[in-house]
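Trainee: Prediction below, plus the sequence it came from.
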Amino acid sequence: MVTIKSKREIELMKEACKIASQTQKEVEKLIKPGISTIELDKVAEHFIKSQNAIPAQKNYPHPESGMPPFPATLCISINDVVIHGIPSKKIILKEGDIVSIDLVVLKNGFHGDCARTYIVGKTTKEKQKLVDITQQAFFEGIKYAKKGNRIGDISSAIGNFVNKNGFSVIKEFQGHGIGRQMHEDPGIPNYGKPGKGIRLEAGMTLAVEPMVVYGKPDICELEDGWTIITEDGTPAAHYENTILITEKEPEILTI
């Protein structure tokens, strides 16, 4: 069921989203060759807790789901890892790496969710384009995140923009509604047809998140039950914000 947030609920949710955005900035400062992903994770967890908030991805999901609990604050996905990379002291950032950081903050009973893809030092023009197109795909999509439009309008705009630029979107994973739960209805694919899906209403809060790969869109899951990689070994990028549907233009809550 899609939830419409009240004015008070939106104000509370904005606090979680602000901390999520600030956490990304704290992590970005440290991204350089030689640092381990577990070090980035510890910094993020410390910062979130210092804001009297909770790192919501840690130990997610509920034990009854049957999935192994996620062991960290951040999903850190490097190069051919699309999403859900697990931080480790053995994973050290190198010059030219593509690093996607996905995080969720819980405060006041509401969640804020955002992802960014960073480049460690210098990289190739091809990798830089992948990162840039992934980010721009988000903004192309939310041009249609307006009251009266439909989910498919967002989805098709993202997919068409990515495909036009020679890349592929992942179809097995998608954006989602967000609020008191990390994942709420509706699902927001990164491909589709305009005019399809539920109609957007003011007060909806959505996590829109293009997941884009350089090569073919085929993926596989590692034995840890979380890490998703590209089947052909080509790099991936991820960009996400929590947005609010208003009476006019959408409001990005995690910038």
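Mentor: Yep, that arrived.
Trainee: And V131, how close does it get to A44?
Mentor: Applying Cβ to Cβ, to the nearest Å, the value for V131 to A44 is 20 Å. All C-beta atoms are positioned from the backbone trio N, CA, C, and that covers glycine.
Trainee: And these two? Which one has more around it.
Mentor: When V131 and A44 are compared for neighbours, A44 comes out ahead with 27 against 22, by other Cβ atoms under 10 Å.
Trainee: and the helix or strand containing that one, C-alpha only, in PDB?
Mentor: Element membership of A44, judged by DSSP states H and E, is helix 37-50. Only the C-alpha atoms of helix 37-50 are listed here, as PDB (Å, rounded to 0.1, in the frame of the first residue of the first chain):
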ATOM      1  CA  THR A  37      36.200   0.000   2.700                       C
ATOM      2  CA  ILE A  38      35.700  -1.000   6.400                       C
ATOM      3  CA  GLU A  39      37.300   2.300   7.400                       C
ATOM      4  CA  LEU A  40      34.800   4.200   5.400                       C
ATOM      5  CA  ASP A  41      32.000   2.200   7.000                       C
ATOM      6  CA  LYS A  42      33.200   2.900  10.500                       C
ATOM      7  CA  VAL A  43      33.300   6.600   9.800                       C
ATOM      8  CA  ALA A  44      29.800   6.600   8.500                       C
ATOM      9  CA  GLU A  45      28.400   4.600  11.400                       C
ATOM     10  CA  HIS A  46      30.100   6.900  13.900                       C
ATOM     11  CA  PHE A  47      28.700  10.000  12.200                       C
ATOM     12  CA  ILE A  48      25.200   8.700  11.900                       C
ATOM     13  CA  LYS A  49      25.100   7.700  15.600                       C
ATOM     14  CA  SER A  50      26.600  11.100  16.500                       C
END
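Trainee: Show me what counts as buried in that helix.
Mentor: T37, I38, E39, L40, D41, V43, A44, E45, F47, I48 (16 or more other Cβ atoms under 10 Å).
Trainee: Tell me which residues touch the last one, please.
Mentor: For I48, the contacting residues are I19, T23, I54, P55, T73, L103, V105, taking Cβ atoms under 8 Å, 6 or more residues apart in numbering as the criterion.
Trainee: Mind listing the residues bridging to the third one?
Mentor: I54 forms beta bridges with L106, as assigned by DSSP bridges.
Trainee: sorry, back to before: which member of the buried residues of helix 37-50 is positioned nearest D224?
Mentor: T37 (13.8 Å; Cβ to Cβ).
Trainee: distance of the closest one from S88?
Mentor: Distance from T37 to S88, by Cβ to Cβ: 6 Å.
Trainee: Are we agreed that Q24 is in a strand?
Mentor: No. Read with DSSP: H, G, I helix; E, B strand; the rest coil, Q24 is helix and lies in no strand.
Trainee: That one contacts I101, doesn't it?
Mentor: Yes. Under the criterion of Cβ atoms under 8 Å, Q24 makes contact with I101 at 6.5 Å.
Trainee: Looking at the two now, which is surrounded by more residues?
Mentor: I101 (25 against 20).
Trainee: And the one helix or strand that one maps to, what does it pack against?
Mentor: Using DSSP H and E, the element containing I101 is strand 98-107. With contacts taken as 3 or more Cβ pairs under 8 Å, 6 or more residues apart in numbering; DSSP states H and E, strand 98-107 sits against helix 7-28, helix 37-50, strand 54-55, strand 75-78, strand 81-83, strand 110-119, helix 125-142, strand 236-238.
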